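>>> sequence and predicted structure below; questions after.
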Amino acid sequence: MAKKGKSKKATKSNKKSASYSLPAGFWAQVGAVLLVVLSFLLVLSWFDVGGKALGFVHHGLISFMGYTSFFLPLLLIFMAVEIFRSDENKLPNVIIFATFLMVLWFSGLFGLMKLQNGEFAGGFIGSLINKATLSMVNSAVAALIYIVLIFITSLFVLRLSPIAVIKRVGEALKTDEFKDNEKNVSVMRKAADTPAATNNKKTKNEFKLNAGVAVLSKEDRVEKKTKKGGLSSLRGSVDQDKAAENKAAMLSVNDPNWEAPSYDLLEKAQSPADAGDVEQNAKIIKDTLHEFNIDVEMEGANIGPKVTQYTLRPPSGVKLTRITALETNIALNLAAQSLRIEAPIPGKRAVGIEVPNLKAADVRLYGVLDSKEWKKSAEPLSFAVGKDISGML
């Protein structure tokens, strides 16, 4: 009996022992914080403050990589930022490799500079690289090569294209007079465009509106009046003759002149949907995400019977969880009771935000049976279910 009691106590103690686990990416984030602290300590070592240890580290870096050590804190901070931005807080190998290349290029460039004491400013790494470089070209060409390599590596790390940098530099160098002339030209072009020509133009960032159901226009929303009353019905309008119906039902299968009932028996009137100001809502969504440093491109909107789906394309490198986490902020700015974020839309490189319509549309059987998709369908057992958000059956 005593042994059983001990075993029961042992099992109870094992059950009470709680498991301990760290959050995902904990150590990677700790490493990023240490990189920031290390960069701060390196800056302190430049001014001979912080003790002998920091001074020893500073002189060691100067002898090893020369003046490149003054750029090392920036590289470490950039690596820390990339750790926090990357998925699962894992630093990509290309970032580590690019940082190593930047140290080489800067050390080689500074290694071409000679100090007053006769030593080169590139340290051990700079002198080692320049032994191979200066054996092929002179110092001026070598400096040009290093500058080009630093520029290309910086664009690679920052994910920028050369043409984008050239355009920004060109805009920065433009004078105020040149900018005013450009504004005048743009105003004159807008004034010269006719409404018909404007409608025919299709820009790359054109906001496409796809209405899958009937939609109220802006004028209809302003001038609409509430109407009370039920829908018309055919029930009770004709006296039923059950005996005749049963007799016709038995003979209709063999009747060669039998025809299917006409669609005219169905209700044709369909109440349109009220999606509100779609373009204004798209602007609100874009501005809301911009407040959280997420610049998206609004592609268009699909107006469905009950909801309107706004499609947007986020920039590369942005986690979709950052967008889904802003669901309540977007709903608040849109004054919507609720919304649904589909990230990503299946089969598309886009995110969908479904906002309920102010008024749902009626999807009637007549609209389904009279559609081109239904008439073209050759399936023997087709049946009407409804329409999706794009107006498809």
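On my side now, so go ahead.

>>> now the most centrally placed residue in the chain: closest residue in space that isn't a chain neighbour?
By C-alpha atoms, centre = their mean, the chain has its centre lying nearest to Pro314, at 2.2 Å. Leaving aside its chain neighbours, Pro314 sits nearest to Val296 (5.1 Å; criterion: C-beta to C-beta, 6 or more residues apart in numbering). Heads up, the C-betas are built off the backbone N, CA and C, glycines and all.

>>> tally up the residues packed near the one you found, please.
Other residues near Val296 number 18, with proximity taken as other C-beta atoms under 10 Å.

>>> do Ser371 as well
16.

>>> next up, the contacts around the residue nearest to the centre of the chain.
Taking C-beta atoms under 8 Å, 6 or more residues apart in numbering, we find Pro314 in contact with Ile294, Val296, Leu320, Ile323, Val351.

>>> so how do I select the buried members of these in PyMOL?
Of the contacts of Pro314, the buried ones can be selected in PyMOL as follows, counting by 16 or more other C-beta atoms under 10 Å:
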select buried, resi 294+296+323+351
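
>>> tell me the one of the contacts of Pro314 nearest Ser135?
Using C-beta to C-beta, Ile294 comes nearest to Ser135 of these, at 49.9 Å.

>>> and the closest one, that one's in a helix?
No: Ile294: not assigned to a helix; according to DSSP: H, G, I helix; E, B strand; the rest coil it is coil.

>>> show me the domain layout of this structure.
As given by automatic domain parsing, the domain ranges for the chain are 26-165, 278-356.

>>> report the distance from the shortest one to the chain centre.
Domain 278-356 has its C-alpha centroid displaced from the chain centroid by 9 Å (C-alpha atoms, centre = their mean, to the nearest Å).

>>> distance between the ends of it?
Domain 278-356 has its terminal residues 12 Å apart, counting by C-alpha to C-alpha, to the nearest Å.

>>> before we move on, back to that, let's have the domains of the chain in JSON lines, adding mean pLDDT and distance to Pro261.
Output for the domains of the chain, formatted as JSON lines (pLDDT from 0 to 100; distance: least, C-beta to C-beta, whole Å):
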{"stretch": "domain 26-165", "mean pLDDT": "88", "distance to Pro261": "58"}
{"stretch": "domain 278-356", "mean pLDDT": "88", "distance to Pro261": "25"}
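
>>> and for the strand or helix carrying Ala53, what are the contacting residues?
When elements are assigned from DSSP states H and E, Ala53 belongs to helix 52-65. Outside helix 52-65, the residues within contact range by C-beta under 8 Å, 6+ apart are 41-42, 44-46, 48, 69, 72, 103, 106-107, 122-126.
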